[in-house]
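J.: I'd like to go over a predicted model; first the sequence, then the structure.
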Amino acid sequence: MPPSSPPRPVASIADAVDASPLLGHSVADNLLRSRRFLRQPVPPLGGTAARLLRRASGRRMSLREPSMQVRENAAEQLENRQSDWAYSKPIVVLDILWNLVLVGAAFSILVLSADEIPDVPLRLWIVGYVFQCVFHMACVIVEYTRRQREMEYEGLERNRGWGSGDLNPYSNSNSVSGSEEGDSEDYTTETNQHHDDEETSVTKHLESANTMFSFVWWIIGFYWVDAGGQDLGQGAPQLYWLCITFLILDVVFVVICVAVACLIGVAVCFCLPCIIAILYALTDQEGATQEDIDRLAKYKFRMLGDYEKENGEVQPSFGGVMIECGTDTPTERALSQDDAECCICLSVYEDGSELRELPCRHHFHCACIDKWLGINAICPLCKYNILKPHNESSSETV
């Protein structure tokens with residue numbers, strides 16, 4: 001969506017911008033966390049779909065730069081949702097069960113095929129495959145435990161924040177001890193957060209190493225199966241078909257991951273309002289409340305004809321005027337033809353369209369931006385947080 005005018009370089013806006021409101025896990029990682037159904041991470045959407053969107057913008061697609069920025073931010077927002085969903089309890093349980101099935105099948109075939117003597121070391125390859133599954137399960141459990149612990153910390157922080165607002169008749173007499181206790185709790189929280197960050201970094205590095213090893217191991221397995229030829233199917237049929245099954249499963253899930261990432265990238269680029277509507281209907285409303293949204297300025301768009309004038313002069317370059325609603329002395333803002341469109345839905349503002357302007361002075365269709373803000377209370381273009389007014393932002397930085 002083209003901005004109505006460049007955001008003003010005001011300190012309050014800079015303070016209210018959430019510098020990292022979105023996390024970076026891939027959509028494919030969140031749908032199928034690996035090649036063996038949630039087993040190995042694929043390149044994150046923020047590094048694939050978002051890069052593709054930027055490259056497309058650089059090649060002068062029909063989408064203009066602000067619209068591309070909105071879609072990149074939407075892709076990150078979708079990543080964040082998918083990441084939370086991927087490490088939810090049902091998905092983690094399904095992931096563990098799937099890998100246990102693979103491990104159980106491998107051990108069963110290894111026992112049943114004790115008398116088979118293949119020409120290539122298929123048993124070694126199967127054992128390596130099982131090791132990857134077990135290693136992946138350990139990484140998933142560690143990450144899930146860390147996220148649960150992080151959620152508990154956030155809950156304690158919220159409860160402590162609510163409790164600090166309660167009136168206490170002894171607050172003056174105990175102010176020193178209360179301050180010391182608060183400092184101790186803050187230090188403990190920061191220490192735990194630092195420990196969680198280190199644990200996450202180690203887990204990600206180990207998972208990445210497992211991914212690289214799995215790729216190399218798949219090539220080795222394919223080479224051994226291909227080198228053995230038809231003789232393997234006759235001399236060691238159980239080991240042969242187990243390896244074939246594992247190799248095919250890996251390829252199938254890689255194809256699924258790539259296809260899902262491509263479909264989501266296309267949908268975000270060309271069907272963003274549909275994506276927002278689906279997220280708004282299916283996910284928890286963690287963004288702004290309806291009361292917060294209603295407090296934002298609302299406008300009616302009026303198109304300017306060739307015969308109309310602005311400030312006594314003909315303005316053929318203006319596409320229309322935004323007229324503020326709900327006030328006795330409405331303000332008017334002229335929009336150029338380039339600015340007179342919503343870059344969420346890519347539709348040109350029509351006469352009588354209802355618009356919503358955010359504090360950062362970016363404007364959108366009401367229907368488009370209201371759903372977005374219900375999901376995440378930031379501007380889809382500049383990431384300005386509408387829930388952090390100037391006074392709160394200033395107090396936080398002091």
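T.: Happy to help now that I have it.

J.: burial of the closest residue to Leu239 other than its chain neighbours, as a residue count?
T.: With sequence-adjacent residues excluded and distances taken as C-beta to C-beta, 6 or more residues apart in numbering, Leu239 is closest to Leu122, at 4.3 Å. To be clear about C-beta, it is placed using only N, CA and C from the backbone, and glycine gets the same treatment. The number of residues packed near Leu122 is 24, by other C-beta atoms under 10 Å.

J.: Give me the local confidence score for Leu122.
T.: For Leu122, the pLDDT comes out at 93.

J.: how far away is it from Gly235?
T.: 10 Å (C-beta to C-beta, to the nearest Å).

J.: likewise Ile256?
T.: Ile256 is 33 Å from Gly235, by C-beta to C-beta.

J.: what's Thr329 sitting at in phi/psi?
T.: phi -120, psi 80 (degrees, to the nearest 10).

J.: ok, how many other residues are close to it?
T.: Neighbours of Thr329 using other C-beta under 10 Å come to 5.

J.: Tell me where the model's unsure across the stretch 151-300 of the chain.
T.: Filtered on pLDDT under 70, the stretch 151-300 of the chain yields the residue ranges 154-200, 282-286.

J.: Enumerate every residue touching Ile276.
T.: Ala74, Ile344, Cys368, Lys371, Trp372, Ile375 (C-beta atoms under 8 Å, 6 or more residues apart in numbering).

J.: Format those as CSV; extra columns: neighbour count, secondary structure and pLDDT.
T.: Listed next are the contacts of Ile276 as CSV, based on neighbours: other C-beta atoms under 10 Å; DSSP: H, G, I helix; E, B strand; the rest coil; pLDDT from 0 to 100:
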residue, neighbour count, secondary structure, pLDDT
Ala74, 25, helix, 78
Ile344, 23, coil, 85
Cys368, 23, helix, 87
Lys371, 20, helix, 86
Trp372, 28, helix, 87
Ile375, 21, helix, 83
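
J.: Which of those sits closest to Asp328?
T.: Nearest to Asp328, judged by C-beta to C-beta, of the contacts of Ile276 is Cys368 at 28.0 Å.

J.: List the residues that contact the nearest residue to the closest one once chain neighbours are set aside.
T.: Spatial nearest neighbour of Cys368, excluding adjacent residues (C-beta to C-beta, 6+ apart): Ile344 at 4.0 Å. For Ile344, the contact set (C-beta under 8 Å, 6+ apart) comprises Met1, Val70, Leu272, Pro273, Ile276, Phe364, His365, Cys368, Ile369, Trp372, Pro380.

J.: Quick check: the gap between the third one and Ala261.
T.: When you say that, I think you mean Leu272. Relative to Ala261, and taking C-beta to C-beta, Leu272 is found at 16 Å.

J.: same check, this time on the fourth one
T.: Separation of Pro273 from Ala261 (C-beta to C-beta): 21 Å.

J.: These two: who's more crowded?
T.: Neighbour count, other C-beta under 10 Å: between Pro273 and Ala261, Ala261 has more, with 23 against 17.

J.: Confirm that the more buried one sits in a helix.
T.: Yes. Counting by DSSP: H, G, I helix; E, B strand; the rest coil, Ala261 falls inside a helix.

J.: how much space between it and Val268?
T.: 11 Å.

J.: just Arg356 next, same as before
T.: 21 Å.

J.: For those two, work out which one has more neighbours and name it.
T.: A count of neighbours by other C-beta under 10 Å puts Val268 above the other of Arg356 and Val268, at 26 against 22.

J.: Secondary structure element holding the more buried one?
T.: helix 237-270 (DSSP states H and E).

J.: Next, the buried residues of that helix.
T.: 238-240, 242-243, 246-247, 250, 253-254, 257, 260-261, 264-265, 267-269 (16 or more other C-beta atoms under 10 Å).

J.: Could you do stretch 349-361 as well?
T.: Quick answer for stretch 349-361 (16+ other C-beta under 10 Å): Tyr349, Ser353, Leu355, Arg356, Glu357, Leu358, Pro359, Cys360, Arg361.

J.: need these in CSV with distance to Val202, pLDDT and secondary structure, can you?
T.: Listed next are the buried residues of stretch 349-361 as CSV, based on distance: C-beta to C-beta, whole Å; pLDDT from 0 to 100; DSSP: H, G, I helix; E, B strand; the rest coil:
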residue, distance to Val202, pLDDT, secondary structure
Tyr349, 51, 88, coil
Ser353, 52, 87, coil
Leu355, 48, 91, strand
Arg356, 44, 89, strand
Glu357, 45, 88, strand
Leu358, 40, 90, coil
Pro359, 40, 88, coil
Cys360, 38, 88, coil
Arg361, 43, 87, coil
